[in-house]
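Asks: predicted model follows, preceded by the sequence.
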Amino acid sequence: MATPFCYAAPGAIAAPDTGTTNESLIVTGTRETHKKARDSLSPIDIVTGSEQARTGQTNVTAALQQLLPSVTRPAVGQFDGAPTDFISLRGLNPNQTLVLVNGKRRHNSSYLYTDGFADSATPTDIDLIAPELIDHIEVLKDGAAAQYGSDAIAGVVNIILKSSDHGGVARSQIGQTYEGDGFVAQAGAQKGLKIGSSGFLDLSFDYRHQDHTNRSGIDERTDAHTLRVVGDPATTRYDFAINGGYTFANGIEAYTTETYAHRFTEIAQVYRVPTRLPEYYPNGFTPQQTATENDFSAAIGLRGKDLLGWRWDLSSNYGGDYINSNLNNTANLGLYAATGTTPLSVHLADYSTTQLNNTFDLSRDVHVPLLAGPLTIATGVAHRFETYGTGVGSSASYLYGGSQAQAGLLPSNAGPHSRVVYSTYLDLSAHLTRDWQADLAGRYEHYTDFGDTFNGKASTRYDITRNLAVRATFSTGTRAPSLANEYYSALAVGPESASGTLAANSAAARLLGATPLKPEHATNITAGVVYSPIEHLHLTLDAYQIDIRDRIVSGPGISGDAALAALRVQGIAVSSSLTPDDVSASFFTNAAATRTRGLDITATYTTRWESFGRIDWDVSFNANDTSIRHVNTLANGLSDLNAQTAAYLTGSTPKNRLIFGGRWQSSSGRWDVVLHEQRYGQTTDALTWYDGPYAYSTTNFNSITNHPRWITNLELGFRPIDRLHLAVGANNLFNRYPTRIPAVNGYYGSGRYDGSASQIGVNGGFYYAQVSYDL
């Protein structure tokens, strides 16, 4: 549900780039106007666009991860999901974090994750929003399902776009890894224009290309570097965006936001040796999976300040994500054996998701006797129409066991799916006394496929002194299974194995014990302290506990004859050269109840000298631990959770993260230095065996620990003229790498690093040069 007046007139809520973001006005987590971050009832971080640029990262999620320890993103890019750039909070699934743009719900990606901490997620991909247009991002680290939507269990990320009628910026960056691969070239611009006497239009464009990186080990079959599966894919991405508004003489404002992104990705799969198909590939072959993605969003709305005394906001936004997946440099061995011929390129599948949101929000301030301030009443209704569609692959991609690396989608498993969600909410907030604030919110939602949900939230804050306050929140949340969770199916074809994902609601999944998916239910408790002991020093400490029942993850992999039988029921053919023990199948299920406990600490301080300049210091820390409280059972009595999926839930994100450092700016404003040290706590995982007596086992795994790592990020900047800023920098300055894993836990020795845990990346050090010019 949108926040009324999520952005105001040009420049009205832009967070100042001065290190004092606690003084900035916020629109997330509150329905009140003119609320400052330092006065919020819930923990909230503000990250400005210039702070993101100074990280040296060319995508938004990577920048946020460098600045906020509670933010998690994948550390290892490999296989299908590598290009998707999502955000998650507090070590939870990315589908449990709600992403808004200008207060409006953003649509999800059509890509579905099937392992790691993102298992079962179709996340919102914020890399597909032009970064130059972002003014700042507000990260609400608290359950907010009652305020914004039932899936805001871990928190809310609200991306506020620039709304200026003048000025702009052009920015470009190049860089590469210390090993000489992964070259990145980025260029983008944003320009604000004045429309008539009281309107604005911001235009933005961004381009980024990244070459492939390879951190695979030596292929034990060839004793050479013939594997290229561990690393980042080659990606080219274009973003276009418009944000505009016009205020009429009667005070009513019309506004609109449009984004479009195109991305092409090439992903290397596992190398096949020359004996696999010498007639076509005498030197062996590496299948290359490609994904062509088109993503769009369009929002329009009207809002005003006086509809019978109410502030009002009427809006509609429609967005979608379309992925066309193909496979080159491949072959269908079963088809070749049967017919003597095989295509070397196939179409695998099409995936699409769309979301239409219609909202009407009202709010007003009412003076109530005995209250120290006005009572803010906010209410509204919303209608959401969601679709998820899958398109069939070419026949050569799925017949006779399918094409090497990935089999295409069968006609029987393709098709459109949809649902409708209706919701309404009520939010009451006020100063009960001069020092005591309270907020009560409730939300009712009706899903046409899962029925009714009701979630509530109660927040309070008491200012003990002018510089010391305590705050607490209790809330509930519900996340319905995504349409992809219910209907997705696929078959991955390895050199000596095959693994299938069955649609959770299919007869094939029921054959293996699947039961109908249910929504996840969460209870969130947060309590904290806000303290400013001296001028320019601001401290926050917030502890939290999040209980989630019926978490949706991939169920236990089942291998052998049962898996073969289930795949046949689904219509999926497996190569006759594979034994039953080489074949496995799984599906999404409500596997377990978990409890996540954690602590967030932030501190900012500014030191000023007349001749030396100023330093904006910052320290932030997150400790996070998830435990399994209960494990459900399948219809056949088997456990819903195996050791590997349990490890994804409890150990695939760092147990703690520490970030400290600061930014120095000279008194002339010509020079600046940004230096931050980061510590990533340990992660744990249960890895699949690819060799030995437990090879490809779905019940026996190798438990490993990725030890803590420190990395250093440094940027040196110079401003030769007022509008021009030049910078050089390095991320992971001292070239640190994750813990090495045993060779038997990677395809033929390829997996030097854990591909499912999210700690530091596998590429090592990265250096860059950046130039920006204020238009």
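Replies: Thanks, I have it. Numbering: from 1, shown residues only.
Asks: use CA for all of it now, contacts and neighbours both
Replies: Fine.
Asks: how about Glu253, what does it touch?
Replies: Residues near Glu253 by CA atoms under 8 Å, 6 or more residues apart in numbering: 245-247, 302-304.
Asks: want to try JSON lines for those residues, with pLDDT and secondary structure as columns?
Replies: Shown next, in JSON lines, are these (pLDDT from 0 to 100; DSSP: H, G, I helix; E, B strand; the rest coil):
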{"residue": "Gly245", "pLDDT": "97", "secondary structure": "strand"}
{"residue": "Tyr246", "pLDDT": "97", "secondary structure": "strand"}
{"residue": "Thr247", "pLDDT": "96", "secondary structure": "strand"}
{"residue": "Leu302", "pLDDT": "97", "secondary structure": "strand"}
{"residue": "Arg303", "pLDDT": "96", "secondary structure": "strand"}
{"residue": "Gly304", "pLDDT": "95", "secondary structure": "strand"}
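Asks: neighbour-wise, which of those leads?
Replies: In terms of neighbour count, Gly245 stands highest of the contacts of Glu253 at 26 neighbours, by other CA atoms under 10 Å.
Asks: show me the contacts for that one.
Replies: 163, 199-201, 253-256.
Asks: show me what the helix-or-strand element of the chain with minimal mean pLDDT is packed up against.
Replies: Within the chain, no helix or strand scores below strand 25-26, which has a mean of 72 by mean pLDDT, DSSP states H and E. In this structure, strand 25-26 packs against strand 35-36, with contacts taken as 3 or more CA pairs under 8 Å, 6 or more residues apart in numbering; DSSP states H and E.
Asks: and the helix or strand following the strand it packs on, C-alpha only, in CSV?
Replies: Under the assignment DSSP states H and E, the closest C-terminal helix or strand after strand 35-36 is strand 44-48. Taking C-alpha atoms only, strand 44-48 is exported to CSV below (Å, rounded to 0.1, in the frame of the first residue of the first chain):
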residue,chain,number,x,y,z
ILE,A,44,15.4,3.2,9.8
ASP,A,45,18.5,3.8,7.8
ILE,A,46,18.8,6.5,5.1
VAL,A,47,21.3,6.1,2.3
THR,A,48,21.8,8.9,-0.2
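Asks: residues making contact with the helix or strand following strand 44-48?
Replies: Using DSSP H and E, the next helix or strand after strand 44-48 towards the C-terminus is helix 49-53. With contact meaning CA under 8 Å, 6+ apart, helix 49-53 is reached by 17, 60, 63-64, 131-132, 134-137.
Asks: list the contacts of whichever helix or strand comes after helix 49-53.
Replies: Downstream of helix 49-53, the first helix or strand assigned by DSSP H and E is helix 60-67. Applying CA under 8 Å, 6+ apart, the external contacts of helix 60-67 come out as 47, 52-53, 55-57, 71-73, 85-87, 126-127, 131, 659.
Asks: try it again at 10 Å.
Replies: 45, 47, 49, 51-57, 70-75, 85-88, 125-131, 134, 137, 139, 618-620, 659-660, 676-678, 713, 731 (CA atoms under 10 Å, 6 or more residues apart in numbering).
Asks: and those, which of them are in helices?
Replies: 49, 51-53 (DSSP state H).
Asks: tell me which of those residues is nearest to Asp672?
Replies: Glu51 (12.6 Å; CA to CA).
Asks: now do the same end-to-end measure for stretch 220-236.
Replies: 32 Å (CA to CA, to the nearest Å).
Asks: before we move on, the earlier item: farthest pair within the contacts of helix 49-53?
Replies: Asp17 and Val60 (17.4 Å).
Asks: of the two, who's got more company?
Replies: Between Asp17 and Val60, Val60 has the larger neighbour count (other CA under 10 Å), namely 24 against 13.
Asks: pLDDT on stretch 618-627, on average?
Replies: Across stretch 618-627, pLDDT averages out at 95.
Asks: typed the wrong thing, it's stretch 39-57
Replies: 89.
Asks: ok, stretch 310-328 next?
Replies: The average pLDDT for stretch 310-328 rounds to 96.
Asks: what packs against the helix or strand hosting Leu98?
Replies: If you go by DSSP H and E, Leu98 is part of strand 97-101. In terms of contacts (3 or more CA pairs under 10 Å, 6 or more residues apart in numbering; DSSP states H and E), strand 97-101 is packed against strand 88-89, strand 134-140, helix 145-148, strand 155-161.
Asks: what about the contacts of Gly245, which are in strands?
Replies: 199-201, 253-256 (DSSP state E).
Asks: doesn't Ser40 make contact with Thr33?
Replies: No: checked against CA atoms under 10 Å, the pair Thr33 and Ser40 is beyond contact range at 11.8 Å.
Asks: and these two? Which one has more around it.
Replies: Ser40 (21 against 15).
Asks: need the contact list for the more buried one.
Replies: Neighbour list for Ser40: 22, 25-26, 28-30, 437, 459-461, 471, 530 [criterion: CA under 10 Å, 6+ apart].
Asks: any idea how far Asp439 is from it?
Replies: Taking CA to CA, one finds Ser40 at 11 Å from Asp439.
Asks: for those two, list the residues in contact with both.
Replies: 30, 459-461.
Asks: in strands, which of those fall?
Replies: Going by DSSP E, the strands hold 459-461 from the shared contacts of Ser40 and Asp439.
Asks: for the stretch 601-750 of the chain, just list every one of the strands.
Replies: 613-631, 656-665, 671-680, 683-687, 702-706, 709-721, 724-731 (DSSP state E, counting those that start in this stretch).
Asks: hey, which of these is tucked in deepest?
Replies: Across the strands of the stretch 601-750 of the chain, averaging neighbours per residue (mean count of other CA atoms under 10 Å) puts strand 683-687 on top, at a mean of 24.
Asks: quick one: average confidence on that strand?
Replies: pLDDT averaged over strand 683-687 gives 91.
Asks: show me what it is packed up against.
Replies: Against strand 683-687 (3+ CA pairs under 10 Å, 6+ apart) you get helix 643-651, strand 702-706.
Asks: taking strand 671-680 as reference, get the angle to the last one.
Replies: What separates the directions of strand 702-706 and strand 671-680 is an angle of 150 degrees, with axes from the mean of the first three to the mean of the last three CA atoms, to 10 degrees.
Asks: alpha carbons of strand 702-706, as CSV, please.
Replies: What follows is strand 702-706, C-alpha atoms only, in CSV (Å, rounded to 0.1, in the frame of the first residue of the first chain):
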residue,chain,number,x,y,z
ASN,A,702,29.5,-32.4,3.9
SER,A,703,29.2,-29.7,6.6
ILE,A,704,31.7,-26.9,6.2
THR,A,705,32.4,-23.5,7.8
ASN,A,706,33.3,-20.4,5.9
